[in-house]
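Asker: predicted model follows, preceded by the sequence.
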Amino acid sequence: MSTFERYLTLWVFLCILAGIALGHFLPGLFSAISAMEVSRVNLPVAVLIWLMIIPMLVKIDFGALRQVAKHWRGIGITLAVNWAIKPFTMALLGWFFIGWLFRPLLPEAEIESYIAGLILLGAAPCTAMVFVWSNLTRGEPHFTLSQVALNDAVMVVAFAPIVALLLGLSAIVVPWETLLLSVVLYIVVPVVISQVIRRTLVASGRLDEFLKGIAPISLAALLATLILLFAFQGEQIMEQPLVIGLLAVPIAIQTYGIFGIGYVWNRFAGEAHCIGAPSALIGASNFFELAVAAAISLFGLNSGAALATVVGVLIEVPVMLSLVRIVNGSKEWYERGQKSHA
């Protein structure tokens with residue numbers, strides 16, 4: 001691990017502070033940047049996500065994808081955690097913390113809206129950012145790509161019914177343009193670009209040289225994305241720190257809990273650490289673009305639901321980086337258990 005990666009938590013913390021400060025003192029600039037979107041997908045953020053994941057995808061030889069079938073247990077655990085467990089535990093945590101425990105501390109009119117936002121967040125498992133977390137934990141890249149692609153396919157058909165069930169609605173308007181455009185922007189386009197680059201480099205014999213030179217770009221793009229996201233919400237953070245702190249509690253508990261379920265389950269199932277890590281991390285992380293867009297379309301831009309999904313964005317990277325540390329620090333423990341259950 002490089003010196004830069006070793007102190008990544010520090011850089012993240014500094015970027016969070018920088019983003020909040022910039023959003024507070026330059027609201028006009030970041031309002032203009034946040035308005036640069038198509039179907040509620042922010043284009044500058046999309047470009048930064050490309051810069052995060054394309055260098056990782058360049059490493060992948062798609063001819064080796066057929067090997068992923070032997071990791072069917074990891075894929076099965078990913079799907080079970082993401083769709084049979086995660087949305088329901090998020091709803092339960094929302095009802096317990098926001099609907100009961102913290103209720104006296106929150107504006108009564110927004111309670112149900114906050115819970116709805118948490119439900120939307122829990123029903124939208126991560127896509128693009130999983131490539132970052134998998135890379136930081138030395139996850140198997142072909143498995144990571146396959147589980148993300150499969151998760152996206154399930155999301156198209158499962159997101160609306162699960163959210164409708166948990167919100168108690170007979171119908172829900174899913175922002176399909178946002179969902180499909182996000183899949184194209186964050187999966188299809190980066191895969192195509194990365195494979196064109198890979199074939200060109202392999203043909204010229206410069207692949208290894210290119211990978212060494214481009215490696216820092218992914219982390220730099222991650223930090224730039226953080227600055228943007230926190231700058232977009234700088235005013236909200238300054239105006240409602242207590243509400244944001246209270247909303248962060250069930251989200252953080254959910255993230256650590258879902259990760260623990262997936263990680264331990266993979267260990268007992270006998271999956272390799274490089275499979276168990278990305279399998280657990282995809283459930284712990286969230287597809288915040290879809291959650292935010294759905295909250296805005298259902299409840300409005302200034303609703304409690306929209307704010308709750310934004311809080312998910314705010315704590316996403318710091319919490320996921322702590323999970324990356326747990327994964328890397330527990331590899332020996334994981335592999336001992338894997339051998340004993342093999």
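Answerer: Now that the structure is in, tell me what you want to look at. Source: prediction; values computed, not measured. Residues are numbered from 1 along each chain as shown.
Asker: can we go C-alpha only for contacts and neighbour counts from here?
Answerer: Fine.
Asker: residue boundaries of the helices in the stretch 151-300 of the chain?
Answerer: Secondary structure of the stretch 151-300 of the chain (DSSP state H, counting those that start in this stretch): helices at 176-183, 189-204, 207-232, 234-239, 241-269, 273-284, 288-299.
Asker: do the stretch 1-150 of the chain as well
Answerer: 3-6, 8-25, 27-34, 43-58, 72-79, 86-93, 111-122, 129-136, 141-167.
Asker: which residues touch residue 243?
Answerer: Contact analysis of residue 243 by Cα atoms under 8 Å, 6 or more residues apart in numbering lists residue 106.
Asker: likewise residue 252?
Answerer: 315, 319.
Asker: ok, 10 Å please
Answerer: Residue 252 makes contact with 258, 284, 312, 315, 316, 319, 320 under the criterion Cα atoms under 10 Å, 6 or more residues apart in numbering.
Asker: swap in residue 151?
Answerer: Residue 151 is in contact with 75, 78-79, 82-83, 124-127, 145, 158, 282-283, counting by Cα under 10 Å, 6+ apart.
Asker: most widely separated two among these?
Answerer: Maximum pairwise distance in the contacts of residue 151, criterion Cα to Cα, is 19.7 Å, between 145 and 158.
Asker: which one's more surrounded, these two?
Answerer: For the pair residue 145 and residue 158, the greater number of neighbours falls to residue 145 (24 against 15), based on other Cα atoms under 10 Å.
Asker: go ahead and confirm the more buried one touches residue 60.
Answerer: Yes - using Cα atoms under 10 Å, residue 145 is in contact with residue 60, at 9.0 Å.
Asker: overlap in contacts of the two?
Answerer: Shared contacts of residue 145 and residue 60, counting by Cα under 10 Å, 6+ apart, come down to residue 191.
Asker: hang on, the earlier thing: make JSON lines from the contacts of residue 151 and add distance to residue 274 and pLDDT to it.
Answerer: Listed next are these as JSON lines, based on distance: Cα to Cα, whole Å; pLDDT from 0 to 100:
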{"residue": "75", "distance to residue 274": "13", "pLDDT": "88"}
{"residue": "78", "distance to residue 274": "14", "pLDDT": "90"}
{"residue": "79", "distance to residue 274": "17", "pLDDT": "90"}
{"residue": "82", "distance to residue 274": "19", "pLDDT": "92"}
{"residue": "83", "distance to residue 274": "22", "pLDDT": "93"}
{"residue": "124", "distance to residue 274": "23", "pLDDT": "83"}
{"residue": "125", "distance to residue 274": "20", "pLDDT": "81"}
{"residue": "126", "distance to residue 274": "18", "pLDDT": "77"}
{"residue": "127", "distance to residue 274": "18", "pLDDT": "69"}
{"residue": "145", "distance to residue 274": "13", "pLDDT": "82"}
{"residue": "158", "distance to residue 274": "27", "pLDDT": "82"}
{"residue": "282", "distance to residue 274": "13", "pLDDT": "88"}
{"residue": "283", "distance to residue 274": "15", "pLDDT": "84"}
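Asker: out of these, flag the one nearest to residue 299.
Answerer: Distance ranking of these against residue 299, using Cα to Cα, places residue 124 first at 16.9 Å.
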